[in-house]
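Colleague: coords please:
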Amino acid sequence: MEHRQLGGSGLMVSEITYGNWLTHGESVGRDAALACVRTALDCGVTTFDTADVYAQGAAEELLGEALGGVRRSSVEIATKVCLPTGDGPNDRGLSRKHVMESCHASLRRLGTDYVDLYQAHRFDERTPLEETLVAFDDLVRQGKVLYFGVSEWTAPQIEAALRMAGELGLRGRIVSNQPQYNMLWRVIEPEVLPLCLREGIGQLAFQPLAQGVLTGKYRPGQAPPEGSRATASGRAPRFVSRVLGSGLLERVARLRPVAEDAGLSMAQLAIAWVLRRPGVSATVIGASRPEQVTENATAAGVRLEDEVLERVDKVLGEMVDRDASKTARMMAVEPDWRAELDGSA
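Modeller: As a prediction, the model looks like this:
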């Protein structure tokens, strides 16, 4: 396992970061989840990502249990705050009240007295940005948070936060962004990536496999395999629904020889592709079985040649989504905070 600096900060993170969204505490049993974390540790993964909203706290509790016997300084724990964790009016958002209370609750569930990275899970249009930034800064000053990041913020939102933090003389500064990013979904490239590269903000890219589509398990003209995300919940996630039956699956199938020529599985090719992109510090993987962790972790350290990257772009062609304006539209705050994106971090 190789490690990289998180943006311009001094924090080192493992190229493969293990995330437990939609697995621990919900669709994956306790024993399987614990086995996945142990396998990740065995593979050299040191960075673990979660959020207070994942399984309404159960994911954090399980991750805390899984890491309970591990020397705290040897791992980096990241969690998030913003999305609804209850029915109360203050159980969501980035107000000082919710940020402070959620951080303390996350620390209890994780069984630690600090988190390495605390991330604003979404941008909160209803709370003054200054209030949010000062709350995060206070947590940094108290030693409960070491670094501050965001997830799925647009370029103007990140830029405004950086400018205000400078004006206020805050100690805590955004060091990371966690966006959805993969071969098919490249909406951060026109605006977010250039800004982050300029400002020293590293990307913790999630969904490198595009909800399993880039593993090749969804075949053109065939029903989704049993046990896949397209069948497990009785309905396919929106992204998978959109590509099933479309020409995109035929393009993805043509990536198989590209992967084979590089000596990789399709999943490894997809992960290595993300890690090859400028500004990416790590990619966040999920897993329901230990063998998935092992396969994905072997993509760390793989350096794809330019020829491979060119072949990928040639195969996918116009199927790639680079519409940066779509991010701004999709990230608009819904009144009840419950219209979460299907496929979000």
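Colleague: from here on, contacts and neighbour counts on C-alpha atoms
Modeller: Will do.
Colleague: can you give me the helices in the stretch 1-150 of the chain?
Modeller: In the stretch 1-150 of the chain, the helices defined using DSSP state H, counting those that start in this stretch lie at 30-42, 58-66, 96-110, 129-141.
Colleague: same deal with the stretch 201-345 of the chain?
Modeller: Under DSSP H, counting those that start in this stretch, the stretch 201-345 of the chain gives helices at 229-232, 238-243, 247-253, 256-261, 266-276, 290-297, 306-316, 324-330.
Colleague: Spatially central residue for this protein, please.
Modeller: Residue closest to the mean C-alpha point of the chain, counted by Cα atoms, centre = their mean, is Phe206 at 3.3 Å.
Colleague: Give me the helix or strand of the protein that scores worst on average pLDDT.
Modeller: Least confident element among the helices and strands of the chain, by mean pLDDT, DSSP states H and E: helix 229-232 (a mean of 53).
Colleague: Check the gap between the nearest residue to Gly216 once chain neighbours are set aside and Glu310 for me.
Modeller: Spatially, and ignoring its direct neighbours in sequence, Gly216 is nearest to Ala253 (6.2 Å; Cα to Cα, 6 or more residues apart in numbering). In this view, Ala253 and Glu310 are 16 Å apart by Cα to Cα, to the nearest Å.
Colleague: quick one, which of the two is more surrounded?
Modeller: In this view Ala253 and Glu310 are compared by other Cα atoms under 10 Å, and Ala253 has more residues nearby, 20 against 10.
Colleague: was I right about the more buried one contacting Thr215?
Modeller: No: counting by Cα atoms under 8 Å, Ala253 does not reach Thr215; the two are 9.2 Å apart.
Colleague: what residues are up against Glu295?
Modeller: Residues near Glu295 by Cα atoms under 8 Å, 6 or more residues apart in numbering: Gln268.
Colleague: do you know how far it is from Phe206?
Modeller: 17 Å.
Colleague: now swap in Met319 and tell me
Modeller: 19 Å.
Colleague: returning to that earlier point: just say which of the helices of the stretch 201-345 of the chain is most tucked in.
Modeller: helix 266-276 (a mean of 25; mean count of other Cα atoms under 10 Å).
Colleague: and that helix, what does it pack onto?
Modeller: Counting contacts by 3 or more Cα pairs under 8 Å, 6 or more residues apart in numbering; DSSP states H and E, helix 266-276 is packed against helix 256-261, strand 280-285, helix 290-297.
Colleague: Using JSON lines, lay out those together with mean pLDDT.
Modeller: Supplementary listing: the helices and strands packed on helix 266-276 in JSON lines, determined by pLDDT from 0 to 100:
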{"stretch": "helix 256-261", "mean pLDDT": "96"}
{"stretch": "strand 280-285", "mean pLDDT": "97"}
{"stretch": "helix 290-297", "mean pLDDT": "94"}
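Colleague: ok, back up a step: turn the helices of the stretch 1-150 of the chain into JSON lines, columns for distance to Gly88.
Modeller: Shown next, in JSON lines, are the helices of the stretch 1-150 of the chain (distance: least, Cα to Cα, whole Å):
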{"stretch": "helix 30-42", "distance to Gly88": "29"}
{"stretch": "helix 58-66", "distance to Gly88": "19"}
{"stretch": "helix 96-110", "distance to Gly88": "11"}
{"stretch": "helix 129-141", "distance to Gly88": "19"}
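Colleague: Looking at those, spot the one closest to Asn182.
Modeller: In terms of Cα to Cα, the element of the helices of the stretch 1-150 of the chain nearest to Asn182 is helix 30-42, at 21.3 Å.
Colleague: what comes up buried for the closest one?
Modeller: 30, 32-41 (16 or more other Cα atoms under 10 Å).
Colleague: quick one: low-confidence ranges for the stretch 101-250 of the chain?
Modeller: 220-246 (pLDDT under 70).
Colleague: ok, now how distant is Phe48 from Arg126?
Modeller: 30 Å.
Colleague: Ala35 too?
Modeller: Distance of Ala35 to Arg126, computed by Cα to Cα: 40 Å.
Colleague: swap in Tyr118?
Modeller: 20 Å.
Colleague: Look at those two and report which has more neighbours.
Modeller: The neighbour comparison of Tyr118 against Arg126 (other Cα under 10 Å) goes to Tyr118, with 29 against 11.
Colleague: Just confirm that one contacts Glu76, I think it does.
Modeller: No: Tyr118 is beyond contact range of Glu76, at 10.9 Å (criterion: Cα under 8 Å).
Colleague: Now do the same for the residue nearest to Arg38 when sequence neighbours are not counted: its pLDDT.
Modeller: Setting aside the residues directly before and after it, Arg38 is nearest to Ala66 in space (Cα to Cα, 6+ apart), at 7.4 Å. We note a pLDDT of 94 for Ala66 in this prediction.
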